[in-house]
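Enquirer: sequence and predicted structure below; questions after.
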Amino acid sequence: MAVAALAGCAVGPNFTTPAAPDVSGYTPERLARETESSTGPAAHAQVLFPGRDLPGEWWRLFRSKPLTSLVGKALAANPDLQAAQAALRVARENFRAQQGLLFPSVDANFTPTRQKVTDDAFGNTVDPQIYNLFTGQLNVSYVPDVFGGTRRSIESLEALAETQRFQLEATYLTLLSNLAGAAVQEASLRSQIMATQSIVKIESDLLDIVHRQRDLGQLAEADVAAQEAALAQAEQALPPLEKQLAQQRDLITALIGSLPSQEPKEKFELWAMELPRDLPVSLPSKLVEQRPDVRQAEANLHSASALIGVAIANRLPNVTLTANLGTAPFSIDKMFTPGYGFWSIAGSVTQPIFHGGQLMHQQRAAEAAFDQAAAQYRSTVVTAFQNVADALRALQSDAVALKKAVDGEAAAAKSLNITRDRLRLGDIGILALLPVQQTYQQALITLVQARAARYADTVALYQALGGGWWNRIDVAPEKPVIDFPQ
């Protein structure tokens, strides 16, 4: 039976990695290799390089020392990352524990007994008998894995360990992407606050002009009230932006594993961040190997496949071998003296015959779970390709939007300057200036948001492509712990 166990094949399907989608691109049309460019910060063209590999530390491409500093703090103290690391250790130890079922279990037992026996227990003995008995024995039990059920169970647990490994990589990628995105959002909010403060200054200067013209009798009190309302409206935009900035700082503080009162000293400004010019775009055939969520779904599929083999093996004969070797002397000094030893060897075979359909339905449930995991894998792949396509389209649109925003802000600023000069000369009234002011305010905020969008969607592209975890230098390459017989 031991020879049969070693030579036997594991029942159930042998898992094969699903093939990558047979597509050559992420979008129906061929996207331009280079985005639009314009003038000003973050306005240069970005160039796509199909097939280029991603760096493991992609956030360094933004040339932001504060971001690099916070990444180091987050990797050291983020509790979600630490929880994912612990979950991986749990999964690996469970896998290694299950491997022990491939070997015999050996237990040693020692039982000292002192006993009193009276009456006829020793054959008409008058006086009670008191004696000691020292029993030492070695128990050996072995369940040969004849049909591979144990091996399939171990295979499933190894796949679950891989699931946790890629869950860790997904947590790592999500953390870094969220941190980079939060840094971009903070920089955007700071720029929007500065732009709003500039607008408030313009409105305040115009109010001074209106006051002087009213004093000269050129404008009515209603015109003054209109400009005061415009100034108040501009000032009302500041508190919401300041609230968002404070909440964004809280988010960044939480991402690095600190409490809100322990806010880091690092701050972010758009002008202090560099927009990467050259962007890698992985080939579609490589994306399924790079995305942690896809690899996690693949590992889940592998685990479900192995559990089918476990369910099948549970319906087949189960062989158990046991052996017991020991000694039972009446004094401890004779533990290893000949004549007190005993031994036994036994074997049993159990074939399930009737369990009310339980084993059959458990196998069908395992097969259905595999179908479910396969569908979830396909869904994850579809989402991965969608993410990349969305990011690529966003980069193209962001560049066009920024170019339009630059032109729009320049035109609005020119119109405001001309209208303000005309107001100062008394050529027009305040009502003619108000819509021009509102147009410039919106154009200035739109310009800031357009610049920030290019940074944010660049981060989204790196995240969608998998984040380069395979090129990380802080984690050594891992090797499979065991190869399963097919």
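Expert: Alright, I've got the coordinates. Numbers count the residues shown, from 1 in each chain.

Enquirer: going forward, measure contacts between C-alpha atoms and count neighbours the same way
Expert: Will do.

Enquirer: got the domain ranges for this protein?
Expert: 10-102+149-314+362-471, 104-144+317-351 (automatic domain parsing).

Enquirer: the shortest one: how far from the chain's middle?
Expert: Centroid displacement of domain 104-144+317-351 relative to its chain, using CA atoms, centre = their mean, to the nearest Å, is 55 Å.

Enquirer: could you identify which of the domains of the chain is most buried?
Expert: domain 10-102+149-314+362-471 (a mean of 19; mean count of other CA atoms under 10 Å).

Enquirer: for residue 171, which non-adjacent residue is spatially closest?
Expert: Excluding the flanking residues, the one nearest residue 171 by CA to CA, 6 or more residues apart in numbering is residue 81, at 6.2 Å.

Enquirer: and the domains of the chain, which one is worst for confidence?
Expert: Mean pLDDT is lowest for domain 104-144+317-351 among the domains of the chain, at a mean of 84.

Enquirer: straight-line length of that domain, end to end?
Expert: 21 Å (CA to CA, to the nearest Å).

Enquirer: coming back round to it: wait, a helix at the residue nearest to residue 171?
Expert: Yes. Using DSSP: H, G, I helix; E, B strand; the rest coil, the secondary structure at residue 81 is a helix.

Enquirer: list the contacts of it.
Expert: By CA atoms under 8 Å, 6 or more residues apart in numbering, the contact set of residue 81 is 75, 168, 171, 172, 175.

Enquirer: need those residues in a markdown table (columns: distance to residue 145).
Expert: Converted to a markdown table, these look like this (distance: CA to CA, whole Å):
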| residue | distance to residue 145 |
| --- | --- |
| 75 | 43 |
| 168 | 33 |
| 171 | 37 |
| 172 | 38 |
| 175 | 43 |
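
Enquirer: among the residues you listed, which two are most distant?
Expert: Greatest spatial distance in the contacts of residue 81: 75 and 168, 11.9 Å, computed using CA to CA.

Enquirer: so what touches stretch 219-231?
Expert: Contacts of stretch 219-231 (CA under 8 Å, 6+ apart): 200, 203-204, 206-207, 210-211, 213-214, 429-431, 434.

Enquirer: equivalent analysis for stretch 150-167, please.
Expert: Contact with stretch 150-167 is made by 10, 84, 87-88, 91-92, 94-95, 98-99, 101-102, 145, 292-293, 295-297, 299-300, 302-307, 309-310, 484, as judged by CA under 8 Å, 6+ apart.

Enquirer: try 7 Å
Expert: With contact meaning CA atoms under 7 Å, 6 or more residues apart in numbering, stretch 150-167 is reached by 10, 84, 87-88, 91-92, 95, 98-99, 101, 292-293, 295-296, 299-300, 302-303, 306-307, 309-310.

Enquirer: do stretch 21-34 as well
Expert: 45, 46, 47, 48, 284, 285, 385, 389.

Enquirer: tell me the SS of the fourth one?
Expert: Read that as residue 48. Following three-state DSSP, residue 48 is assigned to strand.
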